[in-house]
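**Student:** Output the structure for:
(2 chains, ligands or ions: 2)
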Amino acid sequence: MARRRRDLLGLDRALSDRLLPLLVAAMALLAALAMAAALGAAALAARWQGGAAAALIVELPPAADPAAARALIASLPGVAEATLLDRARLAALLSPWIGSAEGFALPALLELRLATAGPEAEALPALIAARLPGARVEAHGLLVARLLALAEGLGALSALVLLLVAAVAAAMVAVATRAGLAARRETIAILHGLGATDSVIAGGFAARLAWLAALGAALGAGAAVPLLLLFGRLAAPLLGPAAAPPWIGLSVLPPLAALVAWVTAQLTVRLWLRQLP
Amino acid sequence: MVRLEQVTLRYRAGEAPALSEIDLELAPGSFTWLTGPSGAGKTSLLSLLHLSLRPSEGRLFVLGCPIHRARRRELPGLRRRIGVIFQDLRLLPHLDVLDNVALPLRIAGRREAQIDADAREILAWVGLAHRLHDRPEALSGGEQQRVALARAVIARPALLLADEPTAQLDEAQARRVIALLREMHRLGSTVVVATHSSSLPAEFPAPILRLEGGRVVAHG
Ligand SMILES: Nc1ncnc2c1ncn2[C@@H]1O[C@H](COP(=O)(O)OP(=O)(O)O)[C@@H](O)[C@H]1O
Ligand SMILES: [Mg+2]
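**Tutor:** Ligands and ions are numbered 1, 2, ... in the order given. Model (predicted):
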């Protein structure tokens, strides 16, 4: 009976039931990839920020007093934390390469955690060299900081892509709706003449388009899974468990697509119906 | 039931009006022949009465509602109380006979079990109980006319409008359709039947409203 009610407008044939789901599927695939990229970037950023990864190693000049040097460096802008590496532990770590290290003067090492990526962090090596002549800065942490900034940018970019994808999907639904309205112009006029309200007519279109969009989105999300599993495997060393496909996000795509389609169809049809008395 | 006060209808601003300064009242439960030559404005007048056009000027009351100043969302409820047989029938080609006839009840949101029973009953009444699941295109002109009639009356409209309902029919078929319209009148509907034929009103004497050039030239 619900089927019959939907069939009043004959939309089964009037609304393309292949093209629209396929287009929405492509959009959903893009959305899934963008979402995974955003989540991956966020996870990566969190990991780098939280861990010791975003660090600089400073080799202190032999003449410097380690405690004083630590205090000096900890006070520089952009430094969140400065820790002296334990000499005994360092010796143990290095023993496979340099033996018992007796009589070998190990340099004092400071590990810095950066407060932020950006110009302050970039300026740190020069600043340290100026304040503590003879100190050597090992800058791989700076590279990580740059990557962190990149990850944040990537996250923002992905959000933009998601918005664009939703807008394009809405536009596609609007075009499909208009095509359906044109194909069923006569039928709509007849139903309108028999006393059908705008909400009955718009509801018929919206239900059908929401269904087609949900179908397409499910298709696209499904197609994204193998791709995401593959990328996840590549990203696993960097991300750990966060490298798994974003299951919740994927499962939200079909209802989200249905919602976008429903709202778009409602607005398009109601606007169009204004031309009838 | 229906009242027009100085109603003028223009399809396009600046053009000659299709209907000019019409004053008219139709009593509840009346039967009216709407006559006049082709182009006189019969279809235009019926369009006003079933609210698919609004007057360009003047005041129009249908079923007690001032159509000339009604809000758009008040109209669907009124339309559901008006039955129409269009000149070109306007059956839906993608629905079978039963679903075409059931349309007004579905639009009104009736219960599905009741819809089916009513549609079968009304189709038996017009003599089409054996064509329930055919598409309109498979029916003869007379049968299609009766499907349109069944759809127009299934919701027991207070106002029933028919535009040239016998134009495509042979004499026997035409007589049958007119008999069904008279039956609806007997059951209490206010009925308006447009025809350009002068022999038809002779068969069933009733007040005649004659239009010429968009004006009422005789009523009574
Ligand atoms: N949709 C329309 N657009 C413009 N003019 C129309 C339209 N329908 C009817 N007319 C004009 O209005 C006048 C009355 O037409 P109509 O109401 O169809 O007369 P009848 O039904 O008596 O033959 C005619 O001059 C016709 O050309
Ligand atoms: Mg006409």
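
**Student:** count of neighbours near B:Tyr11?
**Tutor:** Neighbour count for B:Tyr11, taken as other CB atoms under 10 Å in any protein chain shown: 11. From N, CA and C alone the C-beta is placed, and that goes for glycine too.

**Student:** and it, what is it in contact with?
**Tutor:** By CB atoms under 8 Å, 6 or more residues apart in numbering or on different chains, B:Tyr11 lies in contact with B:Ala18.

**Student:** before we move on, what about B:Ser198?
**Tutor:** B:Ser198 is in contact with B:Thr35, counting by CB under 8 Å, 6+ apart.

**Student:** For it, report the pLDDT, please.
**Tutor:** Per-residue confidence (pLDDT) for B:Ser198: 81.

**Student:** Now the phi/psi pair for it, please.
**Tutor:** Here is the backbone geometry of B:Ser198 (degrees, to the nearest 10): phi -100, psi -10.

**Student:** Look up how far B:Gly39 lies from it.
**Tutor:** Distance from B:Ser198 to B:Gly39, counting by CB to CB, to the nearest Å: 16 Å.

**Student:** One more: A:Leu124?
**Tutor:** Note on A:Leu124: its distance to B:Gly39, by CB to CB, is 91 Å.

**Student:** just B:Gly220 next, same as before
**Tutor:** Taking CB to CB, one finds B:Gly220 at 23 Å from B:Gly39.

**Student:** In terms of neighbours, single out the busier of the two.
**Tutor:** B:Gly39 (14 against 6).

**Student:** so how far is the strand or helix carrying A:Pro226 off the chain centroid?
**Tutor:** According to DSSP states H and E, A:Pro226 maps onto helix A:198-239. Between the centre of helix A:198-239 and the centre of its chain there are 16 Å (CA atoms, centre = their mean, to the nearest Å).

**Student:** Can you get me a residue count around the nearest residue to A:Gly155 once chain neighbours are set aside?
**Tutor:** Excluding its sequence neighbours, the residue lying closest to A:Gly155 (CB to CB, 6 or more residues apart in numbering or on different chains) is A:Ala41, at 4.3 Å. Residues lying near A:Ala41 (other CB under 10 Å) number 21.

**Student:** SS state for A:Ala41?
**Tutor:** helix (DSSP: H, G, I helix; E, B strand; the rest coil).

**Student:** residue contacts, it?
**Tutor:** Neighbour list for A:Ala41: A:151-152, A:154-155, A:158 [criterion: CB under 8 Å, 6+ apart].

**Student:** ok, now with 10 Å
**Tutor:** When contacts are counted by CB atoms under 10 Å, 6 or more residues apart in numbering or on different chains, A:Ala41 is found next to A:148, A:150-158, A:239.

**Student:** do B:Leu91 as well
**Tutor:** Applying CB under 10 Å, 6+ apart, the residues near B:Leu91 are A:190, B:97, B:100-101, B:103, B:135-137, B:139, B:144-145, B:147-148, B:151.

**Student:** can we see that at 8 Å?
**Tutor:** The neighbours of B:Leu91, taking CB under 8 Å, 6+ apart as the test, are B:100, B:136, B:144, B:147-148, B:151.

**Student:** A:Gly240 too?
**Tutor:** A:Arg47.

**Student:** how does it look with 10 Å?
**Tutor:** Each residue near A:Gly240 by CB under 10 Å, 6+ apart is listed here: A:43, A:47.

**Student:** picking that back up, quick one: is the helix holding A:Pro226 near chain B?
**Tutor:** Yes: using CB under 10 Å from any CB of the partner chain, we find that helix A:198-239 touches chain B at A:198-201.

**Student:** Now do A:Asp7, the pLDDT please.
**Tutor:** We have a pLDDT of 64 for A:Asp7.

**Student:** and if you look at the one 3 residues further on?
**Tutor:** You'll see A:Gly10 listed with a pLDDT of 78.

**Student:** same question for the helix or strand hosting A:Ala130, mean pLDDT?
**Tutor:** Element membership for A:Ala130, per DSSP H and E: helix A:119-131. The pLDDT scores in helix A:119-131 average 83.

**Student:** That one: which residues count as buried?
**Tutor:** Buried residues in helix A:119-131, defined by neighbour count with 16 or more other CB atoms under 10 Å in any protein chain shown: A:120-121, A:124-125, A:127-128.

**Student:** just stretch B:110-117 next, same as before
**Tutor:** Neighbour-count burial for stretch B:110-117 flags B:110, B:115-116 (criterion: 16+ other CB under 10 Å).

**Student:** same thing with stretch B:42-62?
**Tutor:** Within stretch B:42-62, the residues that qualify as buried are B:42-56, B:58, B:60-62, counting by 16+ other CB under 10 Å.

**Student:** out of those residues, who's near chain A?
**Tutor:** When contact is defined as CB under 10 Å from any CB, these meet chain A at B:47, B:50-54.

**Student:** Closest one of those to A:Leu230?
**Tutor:** The nearest member of these to A:Leu230, counting by CB to CB, is B:Ser52 at 59.2 Å.

**Student:** That closest one against A:His192, yeah?
**Tutor:** Yes: B:Ser52 is in contact with A:His192 according to CB atoms under 10 Å; the separation is 8.1 Å.

**Student:** Find the nearest non-adjacent residue to the residue in the stretch 1-150 of chain A that chain B sits nearest to, please.
**Tutor:** Closest residue of the stretch 1-150 of chain A to chain B, CB to the nearest CB: A:Gly10 (3.8 Å). Among residues not flanking A:Gly10 along the chain, B:His94 sits closest, at 3.8 Å (CB to CB, 6+ apart).

**Student:** How about B:Pro201?
**Tutor:** Nearest residue to B:Pro201 in three dimensions, chain neighbours excluded: B:Trp33, at 4.3 Å (CB to CB, 6+ apart).

**Student:** Dump the helix holding A:Ala130 to PDB, keeping only the CA atoms.
**Tutor:** The C-alpha trace of helix A:119-131 is given here as PDB (Å, rounded to 0.1, in the frame of the first residue of the first chain):
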ATOM      1  CA  PRO A 119      57.700  30.300  12.600                       C
ATOM      2  CA  GLU A 120      58.700  30.100  16.300                       C
ATOM      3  CA  ALA A 121      59.800  26.500  15.900                       C
ATOM      4  CA  GLU A 122      61.500  27.200  12.600                       C
ATOM      5  CA  ALA A 123      63.500  30.000  14.300                       C
ATOM      6  CA  LEU A 124      64.600  27.800  17.200                       C
ATOM      7  CA  PRO A 125      67.800  26.300  15.900                       C
ATOM      8  CA  ALA A 126      69.200  29.700  15.000                       C
ATOM      9  CA  LEU A 127      68.100  31.100  18.400                       C
ATOM     10  CA  ILE A 128      69.700  28.200  20.300                       C
ATOM     11  CA  ALA A 129      73.000  28.600  18.300                       C
ATOM     12  CA  ALA A 130      73.000  32.300  19.200                       C
ATOM     13  CA  ARG A 131      72.300  31.800  22.900                       C
END
